[in-house]
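[1] Sequence and predicted structure below; questions after.
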Amino acid sequence: FPAFLAAGAGIELRRGPSVDEDPVAAWQVHAESVQAVLDDPETEHRKLTNQHIGVVPLPAAIDRFYTSDVFMHTWDLARATGQNDRLDADFCAELLAGMEGMEEVLRSSGQYGPRVEVPADADTQTRLLGFIGRNPFWRG
């Protein structure tokens with residue numbers, strides 16, 4: 001996300017310690033930096049430019065890409081650590097509906113792996129995970 005903001009909107013997020021050195025502190029600094037961008041009154045008037053999505057209002061770009069990215073990675077972390085990995089079904093459906101229409105763009109960005117096939121009658125979370133290239137049946 002820092003590179004996405006830097007390239008598309010000229011925003012340099014504050015950097016904390018490396019994730020290898022102190023993952024909790026790294027996340028805290030990152031989250032605080034993103035929140036500072038969101039809290040800045042000028043953000044409302046800024047745009048983000050990206051070769052895959054064109055020009056988008058910065059708040060919409062943050063919501064569309066950052067929020068969904070954190071949401072989807074929640075599953076990764078929960079599954080890997082044996083915690084409850086159930087995601088909000090309505091938000092899963094919203095993301096899946098929006099992403100399916102731009103599958104080629106998403107795959108060509110290099111941010112998503114190949115689709116993992118899931119049963120046709122799978123729930124929305126399972127279908128979303130398969131779409132983004134996760135194996136929803138993987139156990140850590």
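    Right, received. Where do you want to start?

[2] Helix or strand with the lowest mean pLDDT in this protein?
    Sorting the helices and strands of the chain by mean pLDDT, DSSP states H and E puts helix 103-108 at the bottom, at a mean of 86.

[3] all strands for the protein, in order.
    With DSSP state E, the ranges of strands along the chain come out as 47-50, 54-57.

[4] Turn those strands into a markdown table, including mean neighbour count, mean pLDDT and distance to P119.
    C-beta coordinates here come from the backbone N, C-alpha and C atoms, glycine included. Shown next, in a markdown table, are these (neighbours: other CB atoms under 10 Å; pLDDT from 0 to 100; distance: least, CB to CB, whole Å):
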| stretch | mean neighbour count | mean pLDDT | distance to P119 |
| --- | --- | --- | --- |
| strand 47-50 | 16 | 94 | 34 |
| strand 54-57 | 13 | 93 | 35 |
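
[5] re earlier: now could you export just the CA positions of the least confident helix or strand of the chain as PDB?
    What follows is helix 103-108, C-alpha atoms only, in PDB (Å, rounded to 0.1, in the frame of the first residue of the first chain):
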ATOM      1  CA  GLU A 103     -11.000  -9.900 -13.000                       C
ATOM      2  CA  GLU A 104      -8.600  -9.400 -15.900                       C
ATOM      3  CA  VAL A 105      -7.300  -6.100 -14.400                       C
ATOM      4  CA  LEU A 106      -6.800  -7.700 -11.000                       C
ATOM      5  CA  ARG A 107      -5.000 -10.700 -12.300                       C
ATOM      6  CA  SER A 108      -2.800  -8.600 -14.600                       C
END
